[in-house]
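Visitor: What would the 3D arrangement of this be:
(chains A, B, C and D, ligands or ions: 6)
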Amino acid sequence: MTTGEIVSNTILHDGYYKVEFFAPGICAKTQPGQFVHVKIANLRDRILRRPFSISDVNENGILTVIYKVVGEGTEVLAGLPAGTVCDLMGPLGKPFSLPGENELPVIVAGGYGSAATYLLAKRSPVKGVLLLGARSEADLILTDKFTAAGFDVRLATQDGSQGHKGLVTELIPPLLQEKSGHKIRFYGCGPMPMLIALSKMLQQGGFGGGEVSLDHLMCCGVGACFACVVKIKADNEDGWRYARTCKEGPVFTADDVYTDGE
Amino acid sequence: MTTGEIVSNTILHDGYYKVEFFAPGICAKTQPGQFVHVKIANLRDRILRRPFSISDVNENGILTVIYKVVGEGTEVLAGLPAGTVCDLMGPLGKPFSLPGENELPVIVAGGYGSAATYLLAKRSPVKGVLLLGARSEADLILTDKFTAAGFDVRLATQDGSQGHKGLVTELIPPLLQEKSGHKIRFYGCGPMPMLIALSKMLQQGGFGGGEVSLDHLMCCGVGACFACVVKIKADNEDGWRYARTCKEGPVFTADDVYTDGE
Amino acid sequence: MADLTVDLGKLKLKNPVMTASGTFGYGFEYKDYFDLRSLGAVVVKGIAMKPSHGNSTPRVAETHGGMLNAIGLQGPGVEKFLHGDEYMPFLRKSGAVVIVNIWGKSIEEYRDVAARLDAEKDGIAALEINISCPNIKEGGVAFGTDLKLAHQVVAKVRQATSLPLITKLSPNVTKIADFARAVTDAGTDMVSLINTITGMAININTRRPKIANLTGGLSGPAIKPIAIRMVYEVSKAVKTPIIGMGGIMDGDDAVEFMLAGASAVAVGTAIFADPYAPLKVIDGINAYLERQGCKSVKEIIGGMILK
Amino acid sequence: MADLTVDLGKLKLKNPVMTASGTFGYGFEYKDYFDLRSLGAVVVKGIAMKPSHGNSTPRVAETHGGMLNAIGLQGPGVEKFLHGDEYMPFLRKSGAVVIVNIWGKSIEEYRDVAARLDAEKDGIAALEINISCPNIKEGGVAFGTDLKLAHQVVAKVRQATSLPLITKLSPNVTKIADFARAVTDAGTDMVSLINTITGMAININTRRPKIANLTGGLSGPAIKPIAIRMVYEVSKAVKTPIIGMGGIMDGDDAVEFMLAGASAVAVGTAIFADPYAPLKVIDGINAYLERQGCKSVKEIIGGMILK
Ligand SMILES: Cc1cc2nc3c(=O)[nH]c(=O)nc-3n(C[C@H](O)[C@H](O)[C@H](O)COP(=O)(O)OP(=O)(O)OC[C@H]3O[C@@H](n4cnc5c(N)ncnc54)[C@H](O)[C@@H]3O)c2cc1C
Ligand SMILES: Cc1cc2nc3c(=O)[nH]c(=O)nc-3n(C[C@H](O)[C@H](O)[C@H](O)COP(=O)(O)OP(=O)(O)OC[C@H]3O[C@@H](n4cnc5c(N)ncnc54)[C@H](O)[C@@H]3O)c2cc1C
Ligand SMILES: Cc1cc2nc3c(=O)[nH]c(=O)nc-3n(C[C@H](O)[C@H](O)[C@H](O)COP(=O)(O)O)c2cc1C
Ligand SMILES: Cc1cc2nc3c(=O)[nH]c(=O)nc-3n(C[C@H](O)[C@H](O)[C@H](O)COP(=O)(O)O)c2cc1C
Ligand code: FES
Ligand code: FES
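Guide: Ligands and ions are numbered 1, 2, ... in the order given. This next block holds a predicted model:
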């Protein structure tokens, strides 16, 4: 656990914010897909920390989180000026494994999923493709950063305000055709239904090695409380067990995702 | 109820702060001895308002409160920067009545009592005497303001670090001798034991018209909850009743103070 | 504007928002803040037969997300309440819907207060029986934590008045639904819940209790999850209309109580934070209904969806 | 440094601060944060006979000053607990004082878990019986809210083990002191309180309960005043040493529990806010003792002054 002084905290657009913490100790250890568990200063009536994916880290010790204001905690966070010190735990959770030199990374992301996979794109030895979906244009974040990182960015919105009109997973079949000569390595991050759909496609299509970041409401962030569980395939009567996304995840291999239920 | 934007919020010394709110509506109505009930911004885990005596108001709509950091609320208040908007109720409570043209006002104050009586001194048609007591030198506040307002300031500290060593009430008998030619009007504000002692002296000495400001832990501030009561003489079997300091007070005539108990 | 009227059996209200007894005085104290007719009802501080000092001080202590109080029986007594300027005569003139909260230290005192109010019931819309007081005849057991006593006190009051009766339940029990059943059997028309939860706080520097009375009642948002659970349990046990309360700070909180099964709500501690809280709760309920496309607040009562 | 050792009958601890069951996993999860030997004791998450999935999700919801949880019985089961790397073998190596929290869905299951642990008790300092679970044989009534069941389960566990026994009381009852008496009669060596208070929360937009299990247990600073009151009531009713908990966030809170009558304390929800909370509580207690000129923490147990 470390303290992280807020270096900047600015609005990106429409409810999306970017906060930068000075936290060199965490930066040095962060791998793509990990998260930081933030005790939001001034949030005196709420006890729990808020987990956020680490979107980026740099050699100056700056840790970047991209967040959306969805409730009281993120609202208070959005009001914290530079200079405020928050308590941080991290980096926490199992990271993505980087693609091999001969693999083409395809990141399928929705919501803040692009924020959560940016460091993966940045560190990937091979520049690949980002398939990014959202409800509407306003929710498509970080596309320019992915482009700058050398990724080919393809968009889908449910209201058709930008890119393909429909679900982001609908961009996958044409991509597979287009890239048929490549060994594709899939990565997924976004809302649960999207990840279930993606995992199902990967399991059925035999795309081994795919990884998805599953998360759930968290408390402790270190595997102690069993709040954050999701169903993962298991060798037992039921065919599944509850795995802790904070510790056994958030990154799981897509093969292990239990796609029949919750 | 009004909003009051913080214009300045600075430390005076050793845990004493001065906050200025822009609240012209309240300023216009304030009489000496009244208080303002403050919903401290950012104090999210505590529900209740905090009452503070109005130390000063001016024609520019600036309302001044002098406060000491004693707990969570005042600590959070001390951290609020200029520009923060707090919700204010006020002016509340029964004020002091100003001394007549032929009366010499003698203010007996302890703790933040000097802050709570400064407006009285400022508005008093006759400049009188402030007897101010405190535990130690560091707790003697606003003496220069009283001097500037034309008051003769005499000090007492329990540790003898400034002025008379002992209780402030011990300054009264010599003053009475000195001012024997005057019609003295007493005002008291400070800790309860001091006010009980003062009221007893005034009752026994036959100094009618004296007024003391009694306060107690408050909730509603308007007389609805009966949290803030103190014992006041009454025509009943017990000889006392519980009076609400927020509405029937904080200012009571010293004659009414029940000096036999709590 | 959605239709906010609610129907509590014999009591029809223009909107579901009341003040919680003990937190709004006798209405008089807030007369300069807003028109009391804006409220569904004004529930006044508890009235007993005789005037009384109430408890020693300190009577309140703030806690995380709430407060403890042990005000005790301080009040004017029923005669002064009926005839003193700042009480019933003021309330009658104000045009407010008035609910009188009553209490006593014996079954007879409850009955007598009810009878006395019934005799001059002009302007009184209902009585609310606070059964959280200790029964001095039975060694101080609270009426509200003993099923038999709770039944008896309500039955006796029922005989003394034809006014609509609300019984206010104590949360300091293992199964609140049993109490809702008992007081319904005894003839109450409505139940209100929850009253405060018994708690305690100690000043560690002086080592003395923060409340002179030793224990006090906990109220405020801290207790809301407990109150919601109890409202739900009672709504499953009886058909008696429920007035829900405990930590309501805004319209969303009120909606939560109604979804759990309350037909109306009361705002208490929030008034200390903001005297306009009851009005904001009314506006907040309306805003929710409009957002959700509901024409009437009745659509959300008991509307929680279980999968 | 004041003397922080405490004496809970058969159990002597280097300091009075434990972790609350369910909030510190099996110790293993926090091994990189600090040396578990710094704690008075590590109380592990509840252990039953068999591994189990636990409840559906969502399992937690945050509330004002607290949280609701309904994790359910998720856990490895007693065999894996005794032999799995991340459980007892790790704890034995760590040198921590280990208290194993146990639960079951029938009296027999409680007994069996206790017997199984007793058979390999090396490294186990005590058992804590969580009686807040529903008894599936008796139609789901929680053991902890029925005096007879509470007595029976403790008596049966008592027969199964010679380890010091702590019984963890449920706050969801009218008179917790009666339960303290019953389990003391049944042979418990200590009592711990309070477990969580049953609550509920509804997402007003979806109109669905925030906890899949419908109700959950409320913990955190919101409940502290209730917990302090109950510790005090129990301390007046029995001589059995008390482990107090419910909303302890810092040393001052812990001191408040001890002044109310607790001989030791447990830190739960605060750990989620700050993994170092238990250590800070130890430091805070020591700072208080030094400020007050106390040589030993024992001086403050039950030290509240009533005037
Ligand atoms: C591993 C992980 C990584 C995350 N990374 C990011 C990120 O990079 N950027 C970002 O904006 N958000 C991220 N989140 C979600 C973020 O934690 C929540 O938005 C935040 O906790 C909400 O706090 P609040 O107080 O504003 O909202 P609350 O008032 O607590 O809740 C508001 C709404 O948000 C939902 N919510 C709360 N917590 C979560 C959660 N953990 N996951 C999903 N929904 C939640 C609630 O159900 C509720 O509907 C991440 C969550 C996890 C578990
Ligand atoms: C009419 C009135 C006028 C006041 N004027 C001033 C003023 O001009 N300047 C000033 O510094 N303070 C004044 N006070 C006291 C001030 O209200 C308290 O210091 C403040 O509420 C403490 O808040 P807190 O959250 O910091 O402390 P808390 O954590 O709530 O309490 C800390 C300590 O302060 C004590 N305390 C809390 N409230 C009061 C109170 N109302 N009166 C006395 N002690 C209290 C508590 O018992 C506790 O020991 C006034 C109080 C009243 C009733
Ligand atoms: C200061 C105070 C005084 C109260 N007095 C009474 C009372 O006289 N009669 C009564 O039935 N309830 C009384 N209550 C309980 C409230 O009416 C209400 O049931 C409880 O506070 C929970 O609601 P809240 O959390 O919104 O305050 C009182 C509560 C407070 C805080
Ligand atoms: C997430 C969570 C899980 C819990 N699991 C258990 C448990 O397995 N067994 C038990 O006896 N108590 C359990 N409890 C209750 C705590 O041990 C403790 O009694 C309660 O939370 C009050 O303390 P606190 O406010 O400090 O958290 C749990 C509490 C929480 C918050
Ligand atoms: S958040 Fe506690 S186990 Fe994952
Ligand atoms: S503070 Fe409510 S009556 Fe005075």
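Visitor: Please spell out the segments of the chain that come in under the pLDDT threshold.
Guide: Here I'm looking at chain A. Within chain A, the set of residues satisfying pLDDT under 70 comprises A:1, A:261-262.
Visitor: that's the other chain; I wanted chain C
Guide: C:135-136, C:138-140.
Visitor: Name the residue most distant from the centre of it?
Guide: residue C:205 (34.7 Å; Cα atoms, centre = their mean).
Visitor: Can you check my assumption that residue C:299 lies in a helix?
Guide: Yes: secondary structure assignment (DSSP: H, G, I helix; E, B strand; the rest coil) places residue C:299 inside a helix.
Visitor: where do the helices sit along chain A?
Guide: Taking DSSP state H, the helices of chain A run over residues A:24-29, A:72-78, A:113-123, A:143-148, A:172-178, A:192-205.
Visitor: list the contacts for the residue nearest the centre of chain A?
Guide: Nearest to the geometric centre of chain A sits residue A:116, at 3.0 Å (Cα atoms, centre = their mean). By Cβ atoms under 8 Å, 6 or more residues apart in numbering or on different chains, the contact set of residue A:116 is A:33, A:35, A:53, A:55, A:109, A:189, A:213. C-betas here are computed from N, CA, C, even on glycine.
Visitor: For the second one, name its beta-bridge partners.
Guide: Read that as residue A:35. Beta-bridge pairing for residue A:35 (DSSP bridges): residue A:53, residue A:92.
Visitor: Surely it is in contact with residue A:93?
Guide: Yes: Residue A:35 is in contact with residue A:93 according to Cβ atoms under 8 Å; the separation is 5.3 Å.
Visitor: what's the overlap in contacts for these two?
Guide: residue A:250.
Visitor: between these two, which one's more packed in?
Guide: A count of neighbours by other Cβ atoms under 10 Å in any protein chain shown puts residue A:93 above the other of residue A:35 and residue A:93, at 29 against 26.
Visitor: What does that one show for phi and psi?
Guide: Dihedral angles of residue A:93 (phi, psi; degrees, to the nearest 10) stand at phi 90, psi 160.
Visitor: And it, how close does it get to residue D:223?
Guide: 30 Å (Cβ to Cβ, to the nearest Å).
Visitor: repeat for residue A:134
Guide: As for residue A:134, its distance to residue D:223 is 40 Å (criterion: Cβ to Cβ).
Visitor: Compare neighbour counts for the two and give me the winner.
Guide: residue D:223 (34 against 25).
Visitor: which ones are touching that one?
Guide: Residue D:223 is in contact with C:222, D:66, D:171, D:194, D:196-197, D:246-247, counting by Cβ under 8 Å, 6+ apart.
Visitor: Apply 6 Å and report the result again.
Guide: Neighbouring residues of residue D:223 by Cβ atoms under 6 Å, 6 or more residues apart in numbering or on different chains: D:197, D:246-247.
Visitor: Tell me the one of those residues nearest residue A:76?
Guide: The shortest approach to residue A:76 among those belongs to residue D:247, at 21.4 Å (Cβ to Cβ).
Visitor: Spit out the contact partners of the closest one.
Guide: By Cβ under 6 Å, 6+ apart, the contact set of residue D:247 is D:220-221, D:223-224.
Visitor: Now do the same contact list for the residue of the stretch 101-250 of chain C found nearest chain B.
Guide: The stretch 101-250 of chain C approaches chain B most closely through residue C:220 (5.2 Å), counting by Cβ to the nearest Cβ. Taking Cβ under 6 Å, 6+ apart as the contact definition, residue C:220 lies against B:47, C:65-67, C:247, C:269.
Visitor: How about residue C:230?
Guide: C:171, C:176, C:193-194.
Visitor: likewise residue A:105?
Guide: Residue A:105 makes contact with A:99, A:124, A:128, A:185 under the criterion Cβ under 6 Å, 6+ apart.
Visitor: what's the distance between residue C:50 and ligand 6?
Guide: 20 Å (Cβ to the nearest ligand atom, to the nearest Å).
Visitor: burial count for the residue of chain A found nearest ligand 6?
Guide: Using Cβ to the nearest ligand atom, residue A:45 is the residue of chain A that sits closest to ligand 6, at 22.7 Å. By other Cβ under 10 Å, 23 other residues sit near residue A:45.
Visitor: picking up where we left off before, next one: the residue farthest from the centre of chain C from residue B:70, what distance?
Guide: Distance of residue C:205 to residue B:70, given as Cβ to Cβ: 12 Å.
Visitor: For the strand or helix carrying residue C:178, what is the distance to the chain centroid?
Guide: Here residue C:178, judged by DSSP states H and E, is contained in helix C:176-185. When distances are taken as Cα atoms, centre = their mean, to the nearest Å, helix C:176-185 is centred 16 Å away from the chain's centroid.
Visitor: In it, which residues are buried?
Guide: For helix C:176-185, a neighbour-count test (16 or more other Cβ atoms under 10 Å in any protein chain shown) marks C:176-177, C:179-184 as buried.
Visitor: next one: stretch A:63-79
Guide: Across stretch A:63-79, burial judged by 16+ other Cβ under 10 Å covers A:63-69, A:72-74, A:76-78.
Visitor: and if you look at stretch C:219-237?
Guide: Within stretch C:219-237, the residues that count as buried by 16+ other Cβ under 10 Å are C:219-235, C:237.
Visitor: ok, the closest residue to the residue of the stretch 101-250 of chain C closest to chain B other than its chain neighbours - contacts?
Guide: Spatially, and ignoring its direct neighbours in sequence, residue C:220 is nearest to residue C:66 (3.1 Å; Cβ to Cβ, 6 or more residues apart in numbering or on different chains). Going by Cβ under 6 Å, 6+ apart, residue C:66 touches C:218-220, C:222.
Visitor: Quick check: phi and psi at residue C:39.
Guide: Note on residue C:39: backbone dihedrals following degrees, to the nearest 10 are phi -80, psi 150.
Visitor: give me every residue that touches it.
Guide: For residue C:39, the contacting residues are residue C:278, by Cβ under 6 Å, 6+ apart.
Visitor: Recalculate using a threshold of 10 Å.
Guide: C:13-15, C:17-19, C:24, C:27, C:30, C:96-97, C:267, C:278-279, C:281-282 (Cβ atoms under 10 Å, 6 or more residues apart in numbering or on different chains).
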